[in-house]
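# fold the following and give me the result.
(chains A and B)
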Amino acid sequence: MSDILNRRHFLAVCSTACAALLVPTRGAWARPIAASPALPHPTPRPGITGAKVLTAEQLADKPKLVALFNSVRQIPEVVDGIRCNCNCTNPPDFYSLLSCYEGQGMARDCVICQGQGRLAVRLHAEGKTLDQIRVAIDAKFS
Amino acid sequence: MIRTAMLLALFFLPLPLSAQVRASEVGGVTQMIDGTKLSIEYSRPRLRGRDTLFSKGDMRWGDTWTPGANWATTLEVSKAVKLNGHPLPKGKYSVWMVLRRNADWTIVLDPKARMYHMNPPDSNASQIRFAARAEPAPLTDVLSWSMPAIRMNGGTLVFEWEHWRVPIDVEVEPSLVTTLSAADAAPYLGRYTWTELDRDGKPKETSLFTVTHEDGTLKAQYTPDDPYFRKFALVRIAPDWFAPGVYDKKGVLYEVLKPEMTFEFARESGKVTRIVLRDEDDHVTSTAVRKP
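Reported below is the predicted structural model:
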């Protein structure tokens, strides 16, 4: 405990400075580990489309998911307004639950992404508004 | 000049940080409880034969001391918690202890987290201070923080070193309300014919599902009895939506299966007549119809 203060202090400062130089900055690659109900849902981007949602060809190894992805593609203005609660690492261009259904998005494998998508699709079909869908998503997944 | 050159060399040499040998290696404890994250970061001194450290060694009764070494031990909480009943706002704090011979120690949490161990903070209004009872304990060689007990709404954070142990009760803000008033519970009460479905949605098994209101909580039970669920809580997560809460043998709620299971009660003309059970993937796994 009572080690030599100057040596320890000097090494601590140097280590911190070196670490700051050597370790890449954390940013868009990191998302909170803990789900937080306080996190807001994203605002759907104006003019958003489902054009980037994976197609049946791109899901050739996951045929059971094609119907879900097709349904999500039909309502991008809804799914783009929903926060994903899976807490998995997200790619740098991540924006909303819709992102999980595009490119290397997690919905190919993550049952939480899939469940949120299915719930959004079902409630939208039942006539629920985006705000009502957000409340349901929060109730079940946050 | 030489000193500057040495400093520059230190900055640009690829130091093998992970290979440094320290008398007090850096350690940590991180624990999630109902969405609240608690993290302790600290350096871990070893006794190195000083097994009377507190009674005859470096530690002096009345000292304010960080339970660690080098930079002060820190506690970070992602949401407000209570420690031994004392509110602690979300944030990162340096951790200090005022040691007393009579074992009534004081925990001091200072919002200035980055502090060196040889410079304990003076008492100030921004600190959280509360009493903690130090207990005699078997010898612990390496100063340790741990969370050996966890419950649904908290746990016990424990400091151990030499022959002392200091347990600190942690209480987190619950994310769910498990109680329901009698009036709110009334529409759901009754007996339902429960039908479990296979993956294709075809009926598999039928049982009885009974919903009651006991001790201020909506509860349900299958007949024949399900040995895992037994009588379980229905915890409301949204209007007419409930997640199952499972009790241990002592009757303490220990797990809420959310989002794995959602009981969605459906109404016809305002009266609850049906239940649909969905999994986290929104698949319907069971349905139920109220018995006449």
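# C-alpha only now, for contacts and for neighbours.
OK.
# what parts of chain B come near chain A?
Residues of chain B lying close to chain A by C-alpha under 8 Å from any C-alpha of the partner chain are B:10-12, B:17, B:24, B:32, B:35-37, B:45, B:68-70, B:117-118, B:237-238, B:258-259, B:262, B:280-282.
# hmm, who's touching stretch B:96-111?
B:60-67, B:72-73, B:91-95, B:120-121, B:126-135 (C-alpha atoms under 8 Å, 6 or more residues apart in numbering or on different chains).
# buried among the residues you listed? Need that as a selection in PyMOL.
Restricted to buried positions by 16 or more other C-alpha atoms under 10 Å in any protein chain shown, the PyMOL selection for the contacts of stretch B:96-111 reads:
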select buried, chain B and resi 60+64+65+66+67+72+73+92+93+94+95+120+121+127+128+129+130+131+132+133+134
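# rewinding a little: mark which of the residues of chain B next to chain A are part of strands, please.
Secondary structure from DSSP state E places B:24, B:32, B:36-37, B:45, B:237-238, B:262 of those in strands.
# got a winner among those residues for most neighbours?
B:T262 (28 neighbours; other C-alpha atoms under 10 Å in any protein chain shown).
# confidence score at that residue?
Looking at B:T262, its pLDDT stands at 98.
# state the distance from it to B:D198.
According to C-alpha to C-alpha, to the nearest Å, B:T262 and B:D198 sit 17 Å apart.
# so where's chain A shaky on pLDDT?
Within chain A, the ranges that satisfy pLDDT under 70 run A:1-38, A:89-90.
# just give me the residue right at the centre of the chain.
Unless you meant another one, I'm taking chain A. The centroid of chain A falls nearest to A:C84 when counting by C-alpha atoms, centre = their mean (4.4 Å).
# was after chain B, sorry
B:I33 (2.7 Å).
# how about the contacts made by that residue?
So B:I33 contacts B:150, B:152-154, B:172 (C-alpha under 8 Å, 6+ apart).
# hmm, 10 Å instead?
For B:I33, the contacting residues are A:34, B:150-155, B:170-174, by C-alpha atoms under 10 Å, 6 or more residues apart in numbering or on different chains.
# show the buried residues in those.
A:34, B:153-155, B:170-172.
# between those, which is nearest B:S55?
B:V170 (28.4 Å; C-alpha to C-alpha).
# which strands and helices sit next to the host helix or strand of the closest one?
For B:V170, the host element (DSSP states H and E) is strand B:154-172. Here strand B:154-172 touches strand B:24-33, strand B:36-45, helix B:53-56, strand B:81-83, strand B:86-88, strand B:104-110, strand B:128-133, strand B:135-151, going by 3 or more C-alpha pairs under 10 Å, 6 or more residues apart in numbering or on different chains; DSSP states H and E.
# let's see it at 7 Å
Where contact means 3 or more C-alpha pairs under 7 Å, 6 or more residues apart in numbering or on different chains; DSSP states H and E, strand B:154-172 is packed against strand B:81-83, strand B:128-133, strand B:135-151.
# next, the buried residues of that strand.
Quick answer for strand B:154-172 (16+ other C-alpha under 10 Å): B:154-172.
# state the mean pLDDT of it.
Computed over strand B:154-172, the average pLDDT equals 97.
# quick check: next helix or strand after that strand?
Following strand B:154-172 in sequence order, the next helix or strand is helix B:182-185 (DSSP H and E).
# for the record, mean pLDDT for the helix or strand just after that following helix?
Scanning forward in sequence from helix B:182-185 by DSSP H and E, the next helix or strand is strand B:190-197. Mean per-residue pLDDT for strand B:190-197: 98.
# low-confidence regions, the stretch 51-200 of chain B specifically.
B:57.
# tell me where chain A has helices.
Ranges of helices in chain A, per DSSP state H, are A:5-22, A:66-74, A:76-79, A:111-125, A:130-141.
# quick one, what contacts whichever residue of chain B sits closest to chain A?
At 3.7 Å from chain A, B:D281 is the closest residue in chain B, using C-alpha to the nearest C-alpha. Listed by C-alpha atoms under 7 Å, 6 or more residues apart in numbering or on different chains, the contact partners of B:D281 are A:111-112, A:114-115, A:118.
# which of the residues you listed count as buried?
With burial judged by 16+ other C-alpha under 10 Å, the buried subset of these is A:112, A:114-115, A:118.
# any chance of these in JSON lines, with distance to chain B too?
Formatted as JSON lines, the buried ones among the contacts of B:D281 follow (distance: C-alpha to the nearest C-alpha, whole Å):
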{"residue": "A:I112", "distance to chain B": "7"}
{"residue": "A:Q114", "distance to chain B": "6"}
{"residue": "A:G115", "distance to chain B": "4"}
{"residue": "A:R118", "distance to chain B": "6"}
